[in-house]
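[1] Predicted model follows, preceded by the sequence.
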Amino acid sequence: MIDAAFTPAAAAIAEGRIPGAALGIVYADGRRAMRHAGMAALVPEPEVLTADHWFDLASLSKVIATTPMILTLAEQGRIDLDRPLTDAIPDHAEVAGVQVATDDAALAALCGRFARDGNHGKHEQ
């Protein structure tokens, strides 16, 4: 699934439309997967994007990707915006879907979801 999800980003990098991209997915069963390609920075010096780079999931990410996906899933009846995220992501016990969509989830206060030790497919314990 992650390879198919990353295909548009990989194509945009190959075509020179964007310098680089990273994608992380947390599956319903708790497995994690990550893909990355391209450049992390172009200035002041070019820097290749690696699995060790970390990015802030800022509000722009919510507008472009998270909110439309959450609303699509809600329209399909696959999630209930007023239910805790534990219905879909077991390790977010106190957060509801509507809180994520409205930037009121305090996710920055939660620890990172991918280990920094190179085990990028495994959740931190």
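    That came in fine, so what should we check first? A quick note: this is a predicted structure, and the numbers were derived from the prediction, not measured.
[2] Could you count how many residues lie near residue 11?
    By the criterion of other CB atoms under 10 Å, residue 11 has 11 neighbours. From N, CA and C alone the C-beta is placed, and that goes for glycine too.
[3] Run through who's touching the strand ranked longest in the chain.
    Within the chain, and with DSSP state E defining each element, the longest strand by residue count is strand 32-41. Strand 32-41 is contacted by residues 1-3, 6, 9-10, 13, 18-27, 46-51, 53, 113-114, 120-123 when judged by CB atoms under 8 Å, 6 or more residues apart in numbering.
[4] so where is this protein shaky, pLDDT-wise?
    With pLDDT under 70 as the threshold, the chain has low-confidence stretches at 57-62, 85, 89-125.
[5] domains of the chain?
    Using automatic domain parsing, the domain parsing of the chain gives 1-54, 56-112.
[6] Backbone dihedrals for residue 13, please?
    According to degrees, to the nearest 10, the main-chain angles of residue 13 amount to phi -70, psi -50.
[7] quick one: it from residue 39, how far?
    8 Å (CB to CB, to the nearest Å).
[8] about what we covered before: quickly run through the sheet partners of the longest strand of the chain, with directions.
    Each strand paired with strand 32-41, and its direction, by DSSP bridges: strand 20-26 (antiparallel), strand 47-48 (antiparallel).
[9] And it, what's buried?
    Taking 16 or more other CB atoms under 10 Å as the basis for neighbour counts, the residues of strand 32-41 that come out buried are 32, 33, 35, 36, 37, 38, 40.
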